[in-house]
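In: Build me a model from this:
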Amino acid sequence: MLDNVDPNRLEEEKPALFHILKTRKRQEVRMIRSLQDEHGNNQTKTNGIMRAFTTFLRRKYEPIAVQDECIERMAEIEWRDLPTAWREQLEQPITPEDEHIVVRKGGKKKAPGSDRFGWEFYKVNWATIRDDMGELMNQMFIERKVSPQQKHGVIVCLPKICEPTTLADFRPITVLNTDYKMMARIIVNRVRTIMAELLQQSQLCGVPGWTIFKAVVTVREAIT
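Out: Numbers count the residues shown, from 1 in each chain. Below is the predicted model of the structure:
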């Protein structure tokens with residue numbers, strides 16, 4: 001509802017029947033009307049298609065069985081303590097500058113999460129909401145208060161080919177709330193400088209931001 005800019009509508013042009021029909025046409029093109037489930041049965045009803053996707057994704061991302069001995073071995077590994085200066089750099093409260101850097105680099109027309117707030121909302125209203133966002137970010141980071149709604153992700157299945165017919169023809173992605181991604185990027189910016197000193201240059205090549213973010217849990221355990 002916030003990002004209601006139609007690419008077919010000129011600036012300050014009021015929406016007309018033409019724009020509504022164009023929007024509906026795009027929705028019709030994206031609609032999945034027929035799909036083969038894992039058993040090869042052709043599903044044409046909405047409930048059948050949703051059930052097929054649910055079963056497929058549940059099996060795809062089910063927990064991986066891990067031996068208890070492997071977990072015990074990992075728990076016995078000694079963590080290397082980080083220098084005091086690095087611990088202070090990682091654990092210091094989030095500043096308005098940290099937030100502004102992330103908001104300024106946020107991409108346009110990115111799919112929002114379940115709260116429907118995209119990067120455009122934060123950019124346009126940053127002068128008004130920056131104090132509240134600063135308090136929210138520090139609650140998430142220092143007090144570790146992250147609600148289930150903030151961590152809630154919406155799975156969207158994107159077609160890999162022009163005319164997908166099976167479940168394998170879709171690529172699932174998880175759309176997260178922007179405030180959650182904002183926190184992740186702030187942590188990534190802090191960890192990136194330290195990772196540059198811990199790892200070799202060959203290890204840093206091609207390491208995406210989300211991979212660094214996954215390592216934050218390990219770093220936080222090491223410094224606490």
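In: Can you tell me how far A75 is from D68?
Out: Distance, A75 to D68, using CB to CB, to the nearest Å: 10 Å. C-beta: built from backbone N, CA, C; applies to glycine.
In: buried set for stretch 43-50?
Out: For stretch 43-50, the neighbour count (16 or more other CB atoms under 10 Å) marks Q43, I49 as buried.
In: all helices of the protein, in order?
Out: Under the criterion DSSP state H, helices of the chain are mapped to 17-30, 46-60, 68-76, 84-91, 96-105, 119-124, 126-141, 148-151, 178-198, 201-204, 209-223.
In: For those helices, give me a markdown table that also has distance to E38.
Out: Output for the helices of the chain, formatted as a markdown table (distance: least, CB to CB, whole Å):
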| stretch | distance to E38 |
| --- | --- |
| helix 17-30 | 23 |
| helix 46-60 | 6 |
| helix 68-76 | 30 |
| helix 84-91 | 44 |
| helix 96-105 | 40 |
| helix 119-124 | 37 |
| helix 126-141 | 38 |
| helix 148-151 | 29 |
| helix 178-198 | 32 |
| helix 201-204 | 39 |
| helix 209-223 | 29 |
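In: Just tell me which of those ends up closest to C157.
Out: helix 46-60 (6.4 Å; CB to CB).
In: Next one: the nearest residue to N42 once chain neighbours are set aside, what pLDDT does it get?
Out: Nearest non-adjacent residue to N42, counting by CB to CB, 6 or more residues apart in numbering: Q36, 5.6 Å away. pLDDT, Q36: 93.
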